[in-house]
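[1] Sequence and predicted structure, then a few things I'm wondering about:
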Amino acid sequence: MSRKIKLGVPTRGHFIGRWIVGYGRYMQFKQYLKTITHNQIVQERLNLIKFFDEFGPAATKKAFGYCRATIYLWKQRYKRSGNNPASLIPKSKRPQHFRRMEVDSLIISFIRDLREKYPRLGKEKIKPLLDTHCLQESLPTISVSTIGKVIKRNHLSFYLRGKVYHNPASSYALNRRERRRKSRISSKVKAQQPGELLQLDTIVRFEDGVKRYLVTAVDLFSRFSFALTYRSLSSRMALDFYRRLERVSPFRIQAIKTDNGLEFLGEFDNHLARQGVTHYFSYPRTPQSNSYIERFNRTLQEEFVESNLEYLEDTTTFNDRLIDYLIFFNTIRPHQALNLLTPMGYLIANHLVSNMCATRTVG
């Protein structure tokens, strides 16, 4: 039951720290640390007081440059504190009264009216309008920084009506903050076994009014590669590609690395999380970190896409021919990075897959 406090009757307050266990010892230790920090200054002032008492103000003034009033002030402070050395620690020289920014009320009213009507109008854009107003009203002009202070100190920020872009209080911004942090990996990391890390990317081709998307993948260890063409770009499309990639891969996929494209978020990213597959993202504006897939994209376009552009509109026919090329790429075509072995031949030579997997490239 709360007590009623009568108006006009002084009440006594209690500091809650007195009931906190160890609070007193903590404050004493804090004061001790403060004294130790300024120990040299405290010792110098104690020595000056002793010198003053022994030789007088004239000798002290001549030897150290301190006048009698300063020494007496230190002695008085030291005596009133019960000879506590901490009382000789220099106090803050911060002034008690400061210069205050004086702005005409008509200028504040003008800025308020502008901000109410145009909430997103910044201080730089308000400046020329305010100068014209001040010239008409014979008022002194103020700087851009002063306008910003007027807006901040007088709380002249107003919410927009309707849709707000870049609003930190919006549900989109709040949900974005709650999203999990993207995992990133350096381009110097090398795969030590097949499936340990695959890179995925998307090639966009626009030919004769036809726009198609080629999703590609390459295994960093064996250079085993896969690709498919789609009519649209979405996370569902990327998920369909990944499921097909799982069926044709002769190894278990452990981690995936992609760029920050929207097709590699949403359903695609959620599926990887459910399957326990680590999803790494490249750093923004650093395509060189995905060098393996970028090199495969160039090879794919030079050796296959450029010579099959007439089939690009019909994705079924184009993908059928693409699968034939991928069989050639993975099982017949020598790779210089693999000592002129094929990706499947490299896996077999290192006893990582069986000979029965040599032609297992389509599902």
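    Perfect, thanks for sending it. Numbering: from 1, shown residues only.

[2] which secondary element of this structure has the worst mean pLDDT?
    Using mean pLDDT, DSSP states H and E, helix 171-178 stands out as the lowest-scoring helix or strand of the chain, at a mean of 60.

[3] check contacts around the closest residue to I71 other than its chain neighbours.
    Spatially, and ignoring its direct neighbours in sequence, I71 is nearest to F52 (4.7 Å; C-beta to C-beta, 6 or more residues apart in numbering). Heads up, the C-betas are built off the backbone N, CA and C, glycines and all. Shown in contact with F52 (C-beta atoms under 8 Å, 6 or more residues apart in numbering): T60, R68, I71, K75.

[4] and the very next helix or strand once past the least confident helix or strand of the chain, what's its mean pLDDT?
    As assigned by DSSP states H and E, the chain's next helix or strand after helix 171-178 is strand 183-184. The average pLDDT within strand 183-184 is 87.

[5] Now do strand 183-184: distance to the chain's middle.
    On the basis of C-alpha atoms, centre = their mean, to the nearest Å, strand 183-184 sits 13 Å off its chain's mean C-alpha point.

[6] List the contacts of that strand.
    Here strand 183-184 makes contact (C-beta under 8 Å, 6+ apart) with T278, H279, Y280, F281, S282, Y283.

[7] Likewise for stretch 123-139?
    By C-beta under 8 Å, 6+ apart, stretch 123-139 touches 104, 106-107, 110-111, 114-115, 140-145, 147-148, 151.

[8] Can you give me the distance of S186 to S282?
    S186 sits 10 Å away from S282, going by C-beta to C-beta, to the nearest Å.

[9] Now do the shared contacts for those two.
    Contacts common to S186 and S282, judged by C-beta under 8 Å, 6+ apart, are S289.

[10] Next, A337: secondary structure please.
    helix (DSSP: H, G, I helix; E, B strand; the rest coil).

[11] got it, and A217?
    Strictly by three-state DSSP, A217 counts as strand.

[12] How far away from the center of its chain is the lengthiest helix in the chain?
    Assignment by DSSP state H gives helix 39-64 as the longest helix of the chain. Helix 39-64 sits 55 Å away from the centroid of its parent chain (C-alpha atoms, centre = their mean).

[13] circling back: neighbour count winner among S186 and S282?
    When S186 and S282 are compared for neighbours, S282 comes out ahead with 21 against 8, by other C-beta atoms under 10 Å.
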